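1. Sequence isn't available, so here's the structure alone:
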Ligand SMILES: CC(C)(COP(=O)(O)OP(=O)(O)OC[C@H]1O[C@@H](n2cnc3c(N)ncnc32)[C@H](O)[C@@H]1O)[C@@H](O)C(=O)NCCC(=O)NCCS
Ligand SMILES: Nc1ncnc2c1ncn2[C@@H]1O[C@H](COP(=O)(O)OP(=O)(O)OP(=O)(O)O)[C@@H](O)[C@H]1O
């Protein structure tokens, strides 16, 4: 297995890059999706969230009201930390299992673990390569407002709930500049895929 840790600030283009790597043949594991799975109705993590934040964070059908909880925690560091303390251990356990399974299924697989909070949650899988998608704060905020319908202050609160770009750039083996056109993001991603495969071929 060749394990890539893919991280980047919110709306920096991680999913776009991950999708492209998946199209090339990588296995894609998405921490945001895992974070949804671990709070599905009936899970211990959802029970803990309700215990901490009250039943108002549930919708009528018993599922988590993500918009409501997001409104509460982004901009409120104490609440966000409490939520992280419930969700992150469960995501860590599930990601360990899924990465191990991907390796079992195909020992030669390239696995991309797409994890926005690689630094914040001290994710320490044994990555072969850390790839960072990078766009300036103003581009992140602009995308959240224009593409995801957030208010300016909500968008800023979400960006500011994460470490800044400098911290991510400091741990990057490869940086993908996602402030240009989509085509530019894709061509950097394709070049990365080819580079990884060349390297692996020459090592084999
Ligand atoms: C607060 C919640 C319910 C809001 O849900 P919502 O559907 O609006 O957002 P979603 O989960 O799709 O996240 C969108 C983006 O927000 C950012 N984000 C999410 N959680 C966090 C967090 N705890 N800290 C900083 N940024 C975060 C990430 O960039 C993520 O890609 C949800 O984000 C959540 O449960 N967060 C805690 C778990 C977590 O840390 N998830 C991130 C990956 S492990
Ligand atoms: N050059 C670019 N590279 C990547 N995405 C771009 C670019 N230009 C515009 N976009 C748009 O910006 C958005 C980035 O969203 P994407 O879901 O890829 O980011 P993300 O980092 O995974 O976000 P999140 O942290 O919320 O999961 C997409 O709608 C994408 O089409």
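-> Received, thanks. Not measured: the values here are computed from a predicted model. Ligands and ions are numbered 1, 2, ... in the order given.

2. Next, the contact list for the residue of the chain found nearest ligand 2, please.
-> Closest to ligand 2 within the chain is residue 13: 2.9 Å, counting by CB to the nearest ligand atom. For every residue, glycine as well, the C-beta is placed using N, CA and C. Residue 13 makes contacts with 133, 135, 176, 178, 185, as judged by CB atoms under 8 Å, 6 or more residues apart in numbering.

3. and if we set it to 6 Å?
-> 133, 178, 185 (CB atoms under 6 Å, 6 or more residues apart in numbering).

4. which residue packs closest to the second one, ignoring adjacent ones?
-> This points to residue 178. In this structure, residue 178 finds its nearest non-sequential neighbour in residue 13, 3.6 Å apart by CB to CB, 6 or more residues apart in numbering.

5. In helices, which of the contacts of residue 13 fall?
-> Taking DSSP state H, the ones among the contacts of residue 13 that sit in helices are residue 185.

6. which of the contacts of residue 13 come close to ligand 2?
-> Applying CB under 6 Å from any ligand atom to these, one finds that 133, 178, 185 fall near ligand 2.

7. I figured the last one hits residue 178, correct?
-> Yes - here residue 185 reaches residue 178: they are 5.1 Å apart, a contact under CB atoms under 6 Å.

8. Please compare those two by neighbour count and tell me which comes out ahead.
-> residue 178 (27 against 21; other CB atoms under 10 Å).

9. Could I get the buried residue list for stretch 179-189?
-> For stretch 179-189, the neighbour count (16 or more other CB atoms under 10 Å) marks 185, 186, 188, 189 as buried.

10. would a markdown table of these with distance to residue 75 and pLDDT be doable?
-> Below are these laid out as a markdown table (distance: CB to CB, whole Å; pLDDT from 0 to 100):
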| residue | distance to residue 75 | pLDDT |
| --- | --- | --- |
| 185 | 29 | 98 |
| 186 | 34 | 98 |
| 188 | 33 | 98 |
| 189 | 32 | 98 |
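
11. Could you find the closest non-adjacent residue to residue 174?
-> residue 131 (4.7 Å).

12. other SSEs contacting the strand or helix carrying residue 92?
-> Residue 92 belongs to helix 77-105 when assigned by DSSP states H and E. Applying 3 or more CB pairs under 6 Å, 6 or more residues apart in numbering; DSSP states H and E, one finds that helix 77-105 contacts helix 31-37, helix 44-53, helix 66-73.

13. redo that, cut-off 8 Å
-> strand 27-30, helix 31-37, helix 44-53, helix 66-73, strand 110-114 (3 or more CB pairs under 8 Å, 6 or more residues apart in numbering; DSSP states H and E).

14. For it, buried residues please.
-> Buried residues in helix 77-105, counting neighbours by 16+ other CB under 10 Å, are found at 80, 82-84, 86-88, 90-92, 94-95, 98-99, 102-103.

15. biggest separation within these, which pair?
-> 82 and 103 (33.3 Å; CB to CB).

16. could you dump the helices and strands packed on helix 77-105 to CSV with mean pLDDT, distance to residue 121 and mean neighbour count?
-> As requested, the helices and strands packed on helix 77-105 are exported to CSV (pLDDT from 0 to 100; distance: least, CB to CB, whole Å; neighbours: other CB atoms under 10 Å):
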stretch, mean pLDDT, distance to residue 121, mean neighbour count
strand 27-30, 98, 14, 20
helix 31-37, 98, 8, 17
helix 44-53, 98, 14, 16
helix 66-73, 96, 15, 15
strand 110-114, 98, 12, 25
